[in-house]
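Engineer: Return a 3D structure for these sequence lines:
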Amino acid sequence: MYHLLFIAAVAIQPLTNASAITRQQLIDYASSLKGLKGQSLKTALFNLMQPKTVLSYGSGTGCTWEGFYSTDRNPVTNECYNRYSSRKFYFTNGNTNRAISGMNIEHSFPKSWWGKDENNAYKDLYNLYPSDSKANSQKGNYPMDDVSGEDDYDIVGTGTHVSSKAWEPGRTFKGDFSRSYLYMAVTYGDLTFVKTGLLTMTNESYPGLKAWASALYISWSNNDKVDSLECARNNAVAAIQGNRNLFVDYPYLAEYVWGDSVNVAFNPETSLTTASDDNRYGTYSPSDNPDNPNTDPTTAYYWVKYTQAQPESGKQYLIIAEYNDSRLAMKPLSSKQSYGYTKTETLTETNDTITTSNADNAFVFEASGNGYNIIDSNNRYYYNDNKYKTFSAQNNVPSSVWTISRNNDGTYLMTYGTYFVQYSTKYTSYGVYPSAQTGGIYPTLYVAVTKATTGIQSISISPNAASNATRDNAIYTLQGVRVTNKGNLKPGLYIRGGRKFVVK
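Structural biologist: Numbers count the residues shown, from 1 in each chain. Model prediction:
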């Protein structure tokens, strides 16, 4: 029995200069999918996700390895990302398009499954990954399945569902490979599958995937979240091929094709996405423990000073008072408080970046009408009654909104009616005042960012680290509609922090 050693430390770097997609761009791209479900949705995805161009297979200009230089290279260290084992490889001596010694081009979805024809599926970068030669040989053309045995990281063993030899990726990349398989099952569902391929696929237009396979891959995809590395690769491949893996862009899309929402119409305008400006799903860093993502105390969150005129709706911010070289972050009211002055936490800023181990003090500014709702990390809305100098918090949306504007000195005027937010140096807390206080400080805002955005060059995720740089704690329906009264949820499926849960 062979072992696939998961990558325990991944330096998170942008893979290319390919532009990240915005939510609106994604909505436009996927507009033909609106209102579809099940078989009709799979057919529309087949038409939409066909690559406009594919690179030639192999080494050289315009070939696969030149693609890997953009899609699977750490631009700082020149490491070539290897998702099949712990062995490390590098692009060296100006090599931008040649195979790396000891590595192969690996078809995650084996070419023998459709008779080895050198078609688009054979060349599609969403299906191809650089792999060390030994792991490539061990994996062979076996189906991807849950492998029986004690070791979660076995690469080859007896499949739970196929009752023959199968391979199982390490937990760090189970979701990645699942989303690749879902893409291939749809984009190349018109191929005729043979022999081993028929253990996973059918030759019917729908469902195409065997029921066990779609259920397993959806489960792995839900447990191993789309992370920043996978988003960057999706954007880089899209820049080359002109198509997107929408199972990465819409991480719950597979539910509408094969899963628990197969009878629900898909709506690309509201569904949760991994777009750069959509914070509802969360921006995740690579994790080797997706089944339990909240246990690692080394999780890091990064914040930089915000300089725009108004906040961006949906993003997370720290509200900071800059006082005597200290950074005093406003803390949410405790769950037992419905009103009060908010306490502070002293933070340290290094190289223009604040690093925290959690996002407990984060606030989301949600655009509403001509202003914003302010929501804390416990999903409570903040307001002021224009009588007292305290914040009030409630689960329901307030009737009025905050007006927020940037002052000339970079601080922000946050006004609710005739009252505005200041930090009181006298009382060492934040309040909402009708007039400027002696020793009062207007707050600055620090926005949550990914590591790459901060300019930090060699941050690694330690073993057992499962982190999310900017996770939204709000509750959404699977269609992306925010639930404002979380205390009265109707039976059904919901999303919080990028994870599904069921209310019965």
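
Engineer: The strand ranked longest in the chain - which strands sit beside it in the sheet, and in what orientation?
Structural biologist: Identified as the longest strand of the chain according to DSSP state E is strand 316-323. Strand 316-323 sits in its sheet next to strand 326-330 (antiparallel), strand 363-368 (antiparallel), strand 444-449 (antiparallel), going by DSSP bridges.

Engineer: Let me know which of those is the nearest to residue 49.
Structural biologist: Evaluated with Cβ to Cβ, these place strand 444-449 nearest to residue 49, the distance being 30.3 Å. C-beta here means a position set from N, CA and C on the backbone, and glycine is covered the same way.

Engineer: so residue 221 is in which element?
Structural biologist: helix 211-223 (DSSP states H and E).

Engineer: And residue 27, by the same measure?
Structural biologist: Going by DSSP H and E, residue 27 is part of helix 23-29.

Engineer: what packs against that helix?
Structural biologist: The helices and strands touching helix 23-29, judged by 3 or more Cβ pairs under 8 Å, 6 or more residues apart in numbering; DSSP states H and E, number zero.

Engineer: Next, the contact list for residue 78, please.
Structural biologist: By Cβ atoms under 8 Å, 6 or more residues apart in numbering, the contact list for residue 78 reads 90-92.

Engineer: Export those residues to JSON lines and append columns for distance to residue 62, pLDDT and neighbour count.
Structural biologist: Formatted as JSON lines, these follow (distance: Cβ to Cβ, whole Å; pLDDT from 0 to 100; neighbours: other Cβ atoms under 10 Å):
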{"residue": "90", "distance to residue 62": "22", "pLDDT": "94", "neighbour count": "13"}
{"residue": "91", "distance to residue 62": "17", "pLDDT": "94", "neighbour count": "22"}
{"residue": "92", "distance to residue 62": "21", "pLDDT": "90", "neighbour count": "10"}
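
Engineer: Residue 22: which of those residues is nearest?
Structural biologist: Minimum distance to residue 22 across the contacts of residue 78 is 30.2 Å, recorded for residue 91 (Cβ to Cβ).

Engineer: Quick check: closest non-adjacent residue to that closest one.
Structural biologist: residue 78 (4.6 Å; Cβ to Cβ, 6 or more residues apart in numbering).

Engineer: Run through who's touching the helix holding residue 221.
Structural biologist: If you take Cβ under 8 Å, 6+ apart as the criterion, helix 211-223 is touched by 143-146, 161, 174-175, 177-179, 181-182, 185, 200-201, 207, 209, 247, 251-252, 254-255, 257-259, 290-291, 499-500.

Engineer: could you say what helices and strands the helix or strand just after it packs with?
Structural biologist: Moving toward the C-terminus from helix 211-223, the next helix or strand (DSSP H and E) is helix 228-241. Packing partners of helix 228-241 (3+ Cβ pairs under 8 Å, 6+ apart): helix 64-71, helix 174-187, helix 246-249, strand 283-284.

Engineer: Can you say which of the contacts of helix 211-223 are buried?
Structural biologist: 143-146, 161, 174-175, 177-179, 181-182, 185, 200-201, 207, 209, 247, 251-252, 254-255, 257-259, 290, 499 (16 or more other Cβ atoms under 10 Å).

Engineer: Restricting to C-alpha, output the helix or strand residue 155 falls within in PDB.
Structural biologist: According to DSSP H and E, residue 155 maps onto strand 154-158. Extracted in PDB, the C-alpha atoms of strand 154-158 (Å, rounded to 0.1, in the frame of the first residue of the first chain):
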ATOM      1  CA  ASP A 154      -3.200   6.300   1.400                       C
ATOM      2  CA  ILE A 155      -2.800   6.900  -2.300                       C
ATOM      3  CA  VAL A 156      -3.600   3.400  -3.400                       C
ATOM      4  CA  GLY A 157      -5.700   0.800  -1.700                       C
ATOM      5  CA  THR A 158      -9.100  -0.900  -1.900                       C
END
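
Engineer: Now do that strand, average pLDDT.
Structural biologist: Computed over strand 154-158, the mean pLDDT rounds to 75.

Engineer: just stretch 180-196 next, same as before
Structural biologist: The average pLDDT within stretch 180-196 is 97.

Engineer: now do stretch 332-352
Structural biologist: On average, stretch 332-352 scores 91.

Engineer: what comes up buried for it?
Structural biologist: Applying a neighbour-count criterion of 16+ other Cβ under 10 Å, one finds 332-333, 340-344, 347, 349 buried in stretch 332-352.

Engineer: What is the most widely separated pair among those?
Structural biologist: Among these, the pair separated by the greatest distance (Cβ to Cβ) is 340 and 349, at 26.9 Å.

Engineer: so where's the stretch 1-150 of the chain uncertain?
Structural biologist: Within the stretch 1-150 of the chain, the segments meeting pLDDT under 70 span 1-18, 148-150.

Engineer: what stretches of the stretch 151-300 of the chain score poorly on pLDDT?
Structural biologist: Counting by pLDDT under 70, the stretch 151-300 of the chain has low-confidence residues at 151-154, 282-299.

Engineer: what about residue 477, distance to residue 259?
Structural biologist: Residue 477 sits 15 Å away from residue 259, taking Cβ to Cβ, to the nearest Å as the criterion.

Engineer: now residue 306
Structural biologist: Separation of residue 306 from residue 259 (Cβ to Cβ): 38 Å.

Engineer: Ok, residue 197 next?
Structural biologist: Using Cβ to Cβ, residue 197 is found at 22 Å from residue 259.

Engineer: what do you get for residue 305?
Structural biologist: Distance of residue 305 to residue 259, given as Cβ to Cβ: 42 Å.

Engineer: same check, this time on residue 397
Structural biologist: From residue 397 to residue 259 the distance is 31 Å (Cβ to Cβ).

Engineer: again with residue 251
Structural biologist: Between residue 251 and residue 259 the distance is 12 Å, computed by Cβ to Cβ.

Engineer: Overlap in contacts, those two.
Structural biologist: What both residue 251 and residue 259 touch, as defined by Cβ under 8 Å, 6+ apart, is an empty set.

Engineer: burial count for residue 195?
Structural biologist: As a burial measure, residue 195 scores 10 neighbours (other Cβ atoms under 10 Å).

Engineer: Leaving out sequence neighbours, find the closest residue to it.
Structural biologist: Closest to residue 195 by Cβ to Cβ, 6+ apart is residue 112, at 7.2 Å.

Engineer: And for residue 190?
Structural biologist: Residue 190's closest residue in space is residue 46 (Cβ to Cβ, 6+ apart), at 7.2 Å.

Engineer: how about the helix or strand hosting the one you found: buried residues?
Structural biologist: Residue 46 is part of helix 38-48 when elements are defined by DSSP H and E. For helix 38-48, the neighbour count (16+ other Cβ under 10 Å) marks 38, 41-42, 44-46, 48 as buried.

Engineer: Spit out the contact partners of residue 104.
Structural biologist: 130-133, 136.

Engineer: who's it bridged to?
Structural biologist: Here residue 104, judged by DSSP bridges, has bridge partners residue 131.

Engineer: give me phi/psi at residue 375?
Structural biologist: phi -120, psi 130 (degrees, to the nearest 10).

Engineer: if I look at the residue lying closest to it once chain neighbours are set aside, how far off is residue 315?
Structural biologist: Excluding the flanking residues, the one nearest residue 375 by Cβ to Cβ, 6+ apart is residue 364, at 4.6 Å. With distances taken as Cβ to Cβ, residue 364 is found 7 Å from residue 315.
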